[in-house]
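> Kindly return the folded structure for what I paste below:
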Amino acid sequence: MSEIDRQIHARIHTFVDELNDLVRQAAIDAVAEAITGTSVRAKPVSISSRAPIERKGRRRSSEAMDKARKALLTYIEANPGVRMEQIGVGLKTPTKELARPLKQLLTEGALRREGEKRSSRYFIGPGKRVKRRKRLAKD
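Prediction:
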């Protein structure tokens, strides 16, 4: 391979990497806009700059849950195979707030999970619909 060919391949590789970063950033911006309702330019987020959990001890409204579920679906569709920690960083939301809507989406079969516990990765698609267990009354 000649020097010119190497330079061409290096520039193509750099271009593809930059394009991939821009597409990922656009997806994150779209999710953030869907959540907040305002246009925001997402910046790289460190764990310490996440938003605090709102309304401790209260249940979220059905509208807030629907909004969280839509944001999760949009983010996972744009980034298949992500882990919960990555989703939290991408959505700038504590993973504790994402657990319930994520569980609902898994139960409905809108998402599927591969792996166990912290190594779980989430994908859009035909997951098994899970039946809810009935709680047994304690005697």
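> Only C-alpha atoms from now on, for both contacts and neighbour counts.
Noted.
> who touches stretch 77-84?
Counting by C-alpha atoms under 8 Å, 6 or more residues apart in numbering, stretch 77-84 makes contact with 24, 27, 76, 95, 118, 119, 120, 121, 122, 123, 124, all of which sit outside it.
> Quick check: what element follows the longest helix along the chain along the chain?
Looking across the chain with DSSP state H, the single longest helix is helix 3-36. Per DSSP states H and E, helix 3-36 leads on to helix 62-78 as the next helix or strand towards the C-terminus.
> show me the contacts for the residue nearest the centre of the chain.
When the chain is reduced to its mean C-alpha position, the nearest residue by C-alpha atoms, centre = their mean turns out to be residue 87, at 3.4 Å. Remark: with contacts taken as C-alpha under 8 Å, 6+ apart, residue 87 is in contact with 72, 75, 76, 95.
> Let's have the contacts of stretch 77-84 in CSV, adding pLDDT.
CSV is the format used below for these (pLDDT from 0 to 100):
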residue, pLDDT
24, 87
27, 87
76, 92
95, 87
118, 81
119, 82
120, 88
121, 90
122, 90
123, 91
124, 89
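> Which members of these are classed as buried?
24, 27, 76, 95, 121, 122, 123, 124 (16 or more other C-alpha atoms under 10 Å).
> What confidence value was assigned to the nearest residue to the last one once chain neighbours are set aside?
By the measure of C-alpha to C-alpha, 6 or more residues apart in numbering, the closest residue to residue 124 outside its immediate chain neighbours is residue 111, 4.7 Å from it. Residue 111 is assigned 89 on the pLDDT scale.
> how about residue 111, what does it touch?
Taking C-alpha under 8 Å, 6+ apart as the definition of contact, the neighbours of residue 111 are 105, 122, 123, 124, 125, 126, 127.
> at 10 Å what do you get?
When contacts are counted by C-alpha atoms under 10 Å, 6 or more residues apart in numbering, residue 111 touches 72-73, 76-77, 102-105, 122-129.
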